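[1] Structure for the following, please:
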Amino acid sequence: MIRKKLNCWEVMKCGRGPGKLLSGKMEVCPVATERRLDGKHGGRQAGRACWVVAGTFCGGKVQGTFAKKFNACKTCVFYKKVLEEEGDDFQKPFALLKRLKKPARIVDISTKKFGVLIGGSGLIGGELMHYFKTETKNEVEVLAPNSKRLSLREPEDIRLYFQRYKPDFIINAALAAIDSDAQISYEVNYLGSINLAKAAMALKIPYIHFSSAAVLPMGENLTEEDHVPLTADLPFYPRSKLMAEMSLRNLQETRGLDCTIIRLGVVYGKHDHKIQGFHRLLFSVATQAMPFMMTRRGVLHSYSNTRKIPPFVHYILEHRGEFSAQTYNFVDRNPIELSQLIFAVKSYLELKSPRELYLPYRLTKFGKICLLFLLRKLGRIGVEVRMPAELMFLEYFYKTQILSIEKLQKSSYGNRHSELSVYTELPDIIDYYCKRWQHLNLISHGKSEIYDGARKGITEFIQSPQNLINDIHQGKADYFADFDSLNDE
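    Predicted coordinates:
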């Protein structure tokens, strides 16, 4: 005969459980209404996990937070009873507290897919997090640990994290900066990526890995099978990304790794807090740091829109039979001519430069060498100036690189959102970044006014701050949000 598992209010006879109270003056205990812990240890609501719930009525008075009350809870007869009854199935407080992290919403991963995203603070990772929070909140729950919580350079971090959290999938959108030294590139882009894959194999879950067109040669119609030779002359960034692709394919073929590699072109989108890649180009034009064209006519590149990436990731997670052990080039349908893109940015910002004078590659390369020499000299006298990391790929500015999307188009996903391109997104992107850079005092010109659409009171804040604060304190002005609804019963 199976014995019924009793809840705390049934054992302690406090009279504050769900239903009719013993006294009209009593309040229902928070344990009896906490749905996020419903079913834990076989209890109703938080009835068998009450020690992690703040504000309980134990001992006839309101208790504090978990940190303040847990020592007392460990001596409670009910806690000891649950601990004995559950045995090895007893859930540690940390696992229970995870569900109480965000009081505003109920997190129940028992009925959702649960994933871990590495690199959630980057341009791609941030877009993925936003998508999963807004578009799939009832289907998918995603955690994105920062590098202090889980460093790809520390295998023990990976082991302990996935020992604690056992997700349904892993997404790796993290990468070392393109100008990182050999050790960082090797440990993050290569070792870290493969250690994540091995964790996914141990957990028998899918692994989604983001790679880069940096592993490809120059040319047109580049397929998923193409890549540059792996040599000691290859820069550390593409070398480490290429090695990761090669080892992941080896694990797919020899160990049955369930992995999809997504290879991106030049990535563009909003909310990138670093000035890098496409946004470095935009910044160079906006600051008029590019007086002449550092390219030639007719050079085409493939671009990847960050807004398109999350729906594709979601789709391939739902269709593992088709997309497992596959690599896909994921870029916009049409490549973009670099010179025309530069002129489009110049025209939008109404600037006079860069002038339509194309510098030959040899001249540009010589200028780069001279600049490096100057920077080294400045470094010796304590002046720290860094060369833009993108100049590592200076040759790319003068040669075409077009990725084929034939494989993607033939898949069941197809080429959705094909109407989106750099040109359709460009006005919004320019407006977003120029305003951001103006706020950070990185640029002082541009078509967009810095304070367009700014919060009320900004003019007074700039011109007469004392009058502004006097008006606010005297009740003549109120520019704050209304939070009275927080006190609604």
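
[2] Low-confidence regions, this structure specifically.
    Scanning the chain for pLDDT under 70 picks out 1-3, 19-26, 59-69, 101-111, 375, 378, 383-393, 444-456, 483, 486-489.

[3] all strands for it, in order.
    113-118, 140-143, 169-172, 207-212, 219-222, 259-264, 266-268, 292-293, 300-301, 303-305, 326-330, 336-337, 355-358, 401-403 (DSSP state E).

[4] want to throw those into TSV with mean neighbour count and distance to Met129?
    The way it works is simple: take the backbone N, C-alpha and C, and place the C-beta from them, glycine included. Formatted as TSV, the strands of the chain follow (neighbours: other Cβ atoms under 10 Å; distance: least, Cβ to Cβ, whole Å):
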stretch	mean neighbour count	distance to Met129
strand 113-118	22	6
strand 140-143	20	7
strand 169-172	25	10
strand 207-212	25	14
strand 219-222	13	30
strand 259-264	24	16
strand 266-268	23	16
strand 292-293	17	37
strand 300-301	20	27
strand 303-305	23	17
strand 326-330	21	18
strand 336-337	18	27
strand 355-358	12	41
strand 401-403	23	26
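
[5] Of these, which is nearest Ala72?
    Ala72 sits nearest to strand 140-143 of all the strands of the chain, at 30.6 Å, using Cβ to Cβ.

[6] residues in contact with the closest one?
    Defining contact as Cβ atoms under 8 Å, 6 or more residues apart in numbering, one finds that strand 140-143 is touched by 107, 109, 112-117, 120, 128-129, 132-133, 165, 167, 171, 314.

[7] go with 6 Å
    Ile109, Lys112, Lys113, Phe114, Gly115, Val116, Leu117, Phe132 (Cβ atoms under 6 Å, 6 or more residues apart in numbering).

[8] Ok, which of the strands of the chain comes nearest Leu152?
    Nearest of the strands of the chain (Cβ to Cβ): strand 113-118, 6.8 Å.

[9] what lines up beside the closest one in the sheet?
    When pairing is defined by DSSP bridges, strand 113-118 lines up against strand 140-143 (parallel), strand 169-172 (parallel).

[10] So what angle separates the directions of it and strand 207-212?
    30 degrees (axes from the mean of the first three to the mean of the last three Cα atoms, to 10 degrees).

[11] where does strand 113-118 sit relative to the chain's centre, distance-wise?
    The chain centroid and the centroid of strand 113-118 are separated by 11 Å, computed with Cα atoms, centre = their mean, to the nearest Å.

[12] got the strands paired with strand 113-118 as a markdown table, with distance to Gly42 columns?
    Shown next, in a markdown table, are the strands paired with strand 113-118 (distance: least, Cβ to Cβ, whole Å):
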| stretch | distance to Gly42 |
| --- | --- |
| strand 140-143 | 23 |
| strand 169-172 | 28 |
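
[13] out of the ones you listed, nearest to Gly277?
    strand 169-172 (18.4 Å).

[14] contact partners of that closest one?
    115-118, 193, 196, 200, 205-209, 317.

[15] what's the closest of the residues you listed to Glu356?
    Using Cβ to Cβ, the contacts of strand 169-172 come closest to Glu356 at His209, 40.9 Å.

[16] For that closest one, give its distance to Lys476.
    Distance of His209 to Lys476, computed by Cβ to Cβ, to the nearest Å: 58 Å.

[17] what do you get for Glu419?
    Counting by Cβ to Cβ, the separation of Glu419 from Lys476 is 50 Å.

[18] Can you report how many residues neighbour Ala481?
    By the measure other Cβ atoms under 10 Å, the count of residues near Ala481 is 5.

[19] what separates it from Ile469, distance-wise?
    On the measure of Cβ to Cβ, Ala481 and Ile469 end up 18 Å apart.

[20] and what of Ala182?
    Ala182 is 54 Å from Ile469, by Cβ to Cβ.

[21] which one of these two has more residues nearby?
    Under the criterion of other Cβ under 10 Å, the comparison of Ala182 against Ile469 puts Ile469 first, with 14 against 11.

[22] quick one: which of the strands of the chain is nearest Gly17?
    strand 140-143 (29.2 Å).

[23] Distance from that closest one to the middle of the chain?
    Chain-centre distance of strand 140-143: 12 Å, with Cα atoms, centre = their mean.

[24] got it, and stretch 427-441?
    21 Å.

[25] Check which residues of that stretch are buried.
    Within stretch 427-441, the residues that count as buried by 16 or more other Cβ atoms under 10 Å are Ile429, Ile430, Asp431, Tyr432, Tyr433, Cys434, Lys435, Arg436, Trp437, Gln438.

[26] Same check on stretch 40-60?
    Here stretch 40-60 shows 40-41, 43-54, 56-58 as buried, counting by 16+ other Cβ under 10 Å.

[27] distance of Gly367 from Ala286?
    21 Å.

[28] Could you pull up phi and psi at Ser151?
    phi -100, psi 130 (degrees, to the nearest 10).

[29] With Tyr165 instead?
    Torsion angles, degrees, to the nearest 10, at Tyr165: phi -110, psi 130.

[30] Can you give me the distance of it to Asp478?
    Tyr165 is 44 Å from Asp478, by Cβ to Cβ.

[31] Which of the two has more residues huddled nearby?
    More crowded of Tyr165 and Asp478, by other Cβ under 10 Å: Tyr165, with 17 against 11.

[32] ok, so what distance separates Asp179 from Pro238?
    Distance check for Asp179 against Pro238: by Cβ to Cβ, it reads 12 Å.

[33] just to revisit the earlier point, between Gly367 and Ala286, tell me which one has more neighbours.
    Ala286 (25 against 14).

[34] is it true that that one touches Gln438?
    No: using Cβ atoms under 6 Å, Ala286 makes no contact with Gln438, being 9.5 Å away.

[35] Pipe the strands of the chain into CSV and attach distance to Ser247 per row.
    What follows is those, written out as CSV (distance: least, Cβ to Cβ, whole Å):
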stretch, distance to Ser247
strand 113-118, 17
strand 140-143, 25
strand 169-172, 13
strand 207-212, 10
strand 219-222, 21
strand 259-264, 10
strand 266-268, 23
strand 292-293, 39
strand 300-301, 27
strand 303-305, 23
strand 326-330, 13
strand 336-337, 32
strand 355-358, 40
strand 401-403, 22
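
[36] So which of those strands is nearest Gly457?
    Here strand 266-268 is closest among those (Cβ to Cβ), at 34.1 Å.
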